[in-house]
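Participant: Sequence first, predicted model second:
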Amino acid sequence: MRLVDKVVLVTGGSQGIGRAIAVRFAAEGAKVAVAGLGKEGLEETAAYITDLGSQAIAIEADVRYRADVDRMVDDTLREWGRIDVLVNNAGVNRTAPFLEITEEDWDWHLDINLKGTFLVSQRAAKEMVKQGNGGSIIQMSSVNGLSAEADQAHYNASKGGINLLAMSMAVELAPHGIRVNSLCPGFIETQLTKPLIDNPTAIAEYLKTIPMKRVGQPEDIASAALFMASDESRYMTGHCMVIDGGQLIKLS
């Protein structure tokens, strides 16, 4: 097992990619704090992990607010005394044409996706520096952070910002032994993508843009996150890893 006794904090862990990462990390020996919104979903994830014989706690917190972030980190430290790995997975996406994006929608995307990532990263990184044992911070970006998609200017901007934030953090935190990398998933089966997946005509057309001709699964992203969290990636930092079935190279 690759994460034995490591303490991991996963935001956005109530469902989808966040839940898959939390479960996979726990199976590799980690103690997992599952955080975010949706108390029922968070507790379901934590209960599933404990049923498997691993340790987990659920923490309801909104990453937009520093007070919530501080409480989330403090609860994790109170339970296990440290944080070795952070996965910033909390995020939102609501499509709209550029000319119709409201200021409220813009702020909602940037506050959760980018500001939230900054707030959690900064607090967790401070703890990792104090601990003096290094660590791994994984930012959940998207192929949209590398290539623009119509009707998602606010989402694209937030994910592009996450990639540059990760690179900036990587430069400054490397002397402390803290690695910072981004995951850039393509089209993954989650609640957000379910309406398109459930439309046979629409999904058949969309799959034409993916060379591997299938929708990605949350477990595909969890496997990449595990590599980033483990010592197998010990010489990798400031990297944006694309997991998209080849979609980005075809679009380019």
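Facilitator: Received it, and whenever you're ready, just let me know what you need. Please read all numbers here as calculations on a predicted model, not as lab measurements.

Participant: what separates residue 155 from residue 124, distance-wise?
Facilitator: Residue 155 is 24 Å from residue 124, where distance means C-beta to C-beta, to the nearest Å. For the C-beta atoms, the positions are set from N, CA and C on the backbone; glycine is no exception.

Participant: tell me the contacts of the closest residue to residue 192 other than its chain neighbours?
Facilitator: Leaving aside its sequence neighbours, residue 192 sits nearest to residue 93 (C-beta to C-beta, 6 or more residues apart in numbering; 5.8 Å). For residue 93, the contacting residues are 109, 152, 155, 192, by C-beta atoms under 8 Å, 6 or more residues apart in numbering.

Participant: count of neighbours near residue 154?
Facilitator: 23 (other C-beta atoms under 10 Å).

Participant: so the nearest residue to it once chain neighbours are set aside is in which element?
Facilitator: Spatial nearest neighbour of residue 154, chain neighbours left out: residue 109 (4.1 Å); criterion: C-beta to C-beta, 6+ apart. Using DSSP states H and E, residue 109 falls within helix 103-109.

Participant: Going by neighbour count, which residues of that helix are buried?
Facilitator: Residues 105, 108, 109 are the ones in helix 103-109 that count as buried (16 or more other C-beta atoms under 10 Å).

Participant: what residues does that helix touch?
Facilitator: Against helix 103-109 from outside (C-beta under 8 Å, 6+ apart): 92, 93, 94, 96, 154, 155, 157, 158.

Participant: isn't there a helix covering residue 2?
Facilitator: No. Read with DSSP: H, G, I helix; E, B strand; the rest coil, residue 2 is coil and lies in no helix.

Participant: Thought residue 226 was touching it, still the case?
Facilitator: Yes. Counting by C-beta atoms under 8 Å, residue 2 does reach residue 226; the two are 6.6 Å apart.

Participant: separation between the residue nearest in space to the middle of the chain and residue 237?
Facilitator: Most central in the chain under C-alpha atoms, centre = their mean is residue 89, positioned 2.3 Å from the mean C-alpha point. For residue 89, the distance to residue 237 equals 19 Å [C-beta to C-beta].

Participant: Same question for residue 86.
Facilitator: Residue 86 is 14 Å from residue 237, by C-beta to C-beta.

Participant: Need the three-state assignment for the residue nearest to residue 192.
Facilitator: Going by three-state DSSP: residue 93 is coil.

Participant: what's the neighbour count on residue 95?
Facilitator: By the measure other C-beta under 10 Å, the count of residues near residue 95 is 14.

Participant: now residue 19
Facilitator: The burial count for residue 19: 25, using other C-beta under 10 Å.

Participant: For it, pull up the helix or strand it's in.
Facilitator: helix 16-27.

Participant: Can you name the next helix or strand after that helix?
Facilitator: Helix 16-27 is succeeded, C-terminally, by strand 31-36 (DSSP H and E).
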